[in-house]
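[1] Sequence first, predicted coordinates after that:
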Amino acid sequence: MELNKNLKIVELGYLKYLLKKNPFALLSSEGIEQVLPLHVDTRVDAELSTIIGSWMKNRERGLLFITGEFGSGKTHRLKLIKELASGLPCYYIKVDVETLRDLIARTLSLIREERITSKIELILGSRRTTTANLEDAIEELLSKLNQNEYNLLLFDELENTVMTGSNQKVKDIAGFIKRLYTELKGAIIIACIPPAFHMIAPHLRDVPYKHVRMKGVSNEEAELIIARRIQVCREDLVKNGLLESTYPFSKDAIYLMNELAGGNPRRLLKYARSMLTISVLSDLAKGGTIDSSKIMKNIPVPRSPSDREENHRDLPPEVRKLLSHFGESSFSTIEASKVLGRSISECKYLLDDLVRKSLLMREGPRYRVISSPFRQTL
């Protein structure tokens with residue numbers, strides 16, 4: 001009963017701010033149907049546009065790595081590329097598999113059907129590829145792709161395959177990428193975290209790849225990101241010009257949130273989402289502006305490295321080990337079991353227990369360490 005009451009208060013509170021809902025409800029681009037309406041050009045976009053635009057215009061082959069920390073905008077850029085390249089065959093492959101064989105099966109299945117397969121279809125496709133000759137599968141993949149004049153292949157989260165096995169496994173994946181680069185009529189764009197790039201790059205020295213590093217957003221870019229989300233959510237509830245584009249957030253509040261987020265777009269949106277919800281519940285009658293003083297009350301100032309190290313000592317040893325190995329990156333039960341030296345079933349029980357204790361968070365079938373949760377009360 002209390003939950004329903006709070007939900008109703010939150011719903012009315014958003015209307016008080018002339019918003020249909022919380023504009024920051026979806027943090028990850030994976031859950032957003034179209035990213036173009038929410039996109040704001042930042043410093044990295046001009047660099048990406050120059051590289052990819054030239055390849056597409058001249059129908060050149062190319063290999064590009066986009067690297068950055070979790071939440072820096074890698075998936076967003078891949079989805080944006082797919083939307084902007086709508087006139088070309090463009091395939092987005094989420095690398096949520098751990099072996100090269102399964103990656104080839106996932107890619108081939110997507111090319112065959114031109115859609116993302118279900119889990120059962122992936123399993124069946126993997127089995128077919130397992131029983132078949134791997135070379136035949138690669139040949140079929142290239143044959144089908146090269147029926148097109150030009151292709152774009154977008155691989156997201158390559159770390160899920162690169163960082164879960166031996167050096168030989170990394171070499172095999174690099175060999176597959178080289179093969180694609182050499183024989184594919186088109187370009188390959190790969191997004192991953194920096195450690196995965198550093199693992200695979202030494203095996204690609206004879207390939208002239210490009211590398212673009214995601215950069216933290218400036219305060220001015222953060223203001224535009226917040227404004228764009230709010231405007232899309234506000235739509236026809238208010239005429240342009242009657243309200244500040246970032247209302248209820250003041251400019252100084254956005255700048256402070258961005259500085260606390262270290263320029264990380266997803267952390268910025270997470271802070272904005274929580275601050276708006278908190279303000280709705282506490283200021284329903286007033287509909288007041290969210291300024292920097294409210295931010296300071298609800299988002300703790302980042303600790304110094306020595307303080308963070310001290311804070312990590314208070315975590316259970318399993319969480320410290322996961323944090324040390326994966327940092328802010330997500331991980332599967334299998335990956336965690338290898339790091340912790342436990343059976344998969346035992347590890348699954350442990351991870352779910354840590355989620356209940358708010359030490360880990362779940363993202364579909366994967367997990368992530370919550371290294372710096374912030375307070376939820378005024």
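    Arrived safely, thanks for sending.
[2] When you work out contacts or count neighbours from here on, use the C-alpha atoms and nothing else.
    Fine.
[3] so Glu33, which of the three states?
    coil (DSSP: H, G, I helix; E, B strand; the rest coil).
[4] actually Tyr367, not the one I typed
    Per three-state DSSP, the secondary structure class of Tyr367 is strand.
[5] residues in contact with it?
    330-333, 351, 360-361 (C-alpha atoms under 8 Å, 6 or more residues apart in numbering).
[6] can you tell me how far it sits from Leu256?
    29 Å (C-alpha to C-alpha, to the nearest Å).
[7] Over to Glu223?
    Separation of Glu223 from Leu256 (C-alpha to C-alpha): 11 Å.
[8] Report pLDDT for the residue lying closest to Leu88 once chain neighbours are set aside.
    Computed as C-alpha to C-alpha, 6 or more residues apart in numbering, the closest residue to Leu88 that is not its neighbour in sequence is Asn151, at 6.6 Å. Asn151 is assigned 94 on the pLDDT scale.
[9] Could you report the neighbour count for Asn151?
    22 (other C-alpha atoms under 10 Å).
[10] Okay, and the beta partners of it?
    Beta bridges link Asn151 to Gly186 when assigned by DSSP bridges.
[11] how far does the helix or strand hosting Ser324 sit from the chain's center?
    Element membership for Ser324 (DSSP states H and E) is helix 317-326. Computed by C-alpha atoms, centre = their mean, to the nearest Å, the chain-centroid distance of helix 317-326 equals 21 Å.
[12] Toward the C-terminus, what is the element adjacent to that helix?
    helix 333-340.
[13] one step back: apply the buried test to the contacts of Tyr367 and list what passes.
    The neighbour count (16 or more other C-alpha atoms under 10 Å) marks 330-333, 351, 360-361 as buried among the contacts of Tyr367.
[14] pLDDT check: weakest of the residues you listed?
    Lowest confidence among the buried ones among the contacts of Tyr367: Met361, with 78.
[15] ok, whichever strand or helix holds that one: who's next to it in the sheet?
    In this structure, Met361 sits in strand 360-363 according to DSSP H and E. Using DSSP bridges, strand 360-363 pairs in its sheet with strand 366-369 (antiparallel).
[16] and the strand it pairs with, how far out from the chain's middle?
    13 Å.
[17] in that strand, what counts as buried?
    366-369.
[18] Can you tell me the element Leu153 falls in?
    Counting by DSSP H and E, Leu153 is part of strand 151-156.
[19] tell me what that strand is packed against?
    Contact here means 3 or more C-alpha pairs under 8 Å, 6 or more residues apart in numbering; DSSP states H and E; on that basis strand 151-156 packs against helix 74-84, strand 90-94, strand 186-192.
[20] tell me the most buried of the ones you listed?
    Highest mean neighbour count among the helices and strands packed on strand 151-156 (mean count of other C-alpha atoms under 10 Å): strand 186-192, with a mean of 23.
[21] Report the next helix or strand after that strand in sequence order.
    Next element after strand 186-192 (DSSP H and E): helix 194-200.
[22] Just checking the distance from the helix or strand following that next one to the centre of its chain.
    Downstream of helix 194-200, the next assigned helix or strand under DSSP H and E is strand 210-213. Offset of strand 210-213 from its chain centre (C-alpha atoms, centre = their mean): 17 Å.
[23] roughly how far apart are Ala25 and Pro195?
    29 Å.
[24] swap that for Ile344, sorry
    24 Å.
[25] Please name the bridge partners of the nearest residue to Phe197 once chain neighbours are set aside.
    In space, and not counting its chain neighbours, Phe197 is closest to Thr67: 7.2 Å by C-alpha to C-alpha, 6+ apart. Here Thr67 sits in beta bridges with Cys192, Arg213, going by DSSP bridges.
[26] Tell me how many other residues crowd Thr67.
    Number of residues near Thr67 (other C-alpha under 10 Å) recorded here: 23.
[27] do you know how far it is from Ser279?
    Distance from Thr67 to Ser279, by C-alpha to C-alpha: 35 Å.
[28] and what of Asp353?
    31 Å.
[29] swap in Gly73?
    Remark: distance between Gly73 and Ser279 (C-alpha to C-alpha) = 27 Å.
[30] and what of Arg362?
    From Arg362 to Ser279 the distance is 26 Å (C-alpha to C-alpha).
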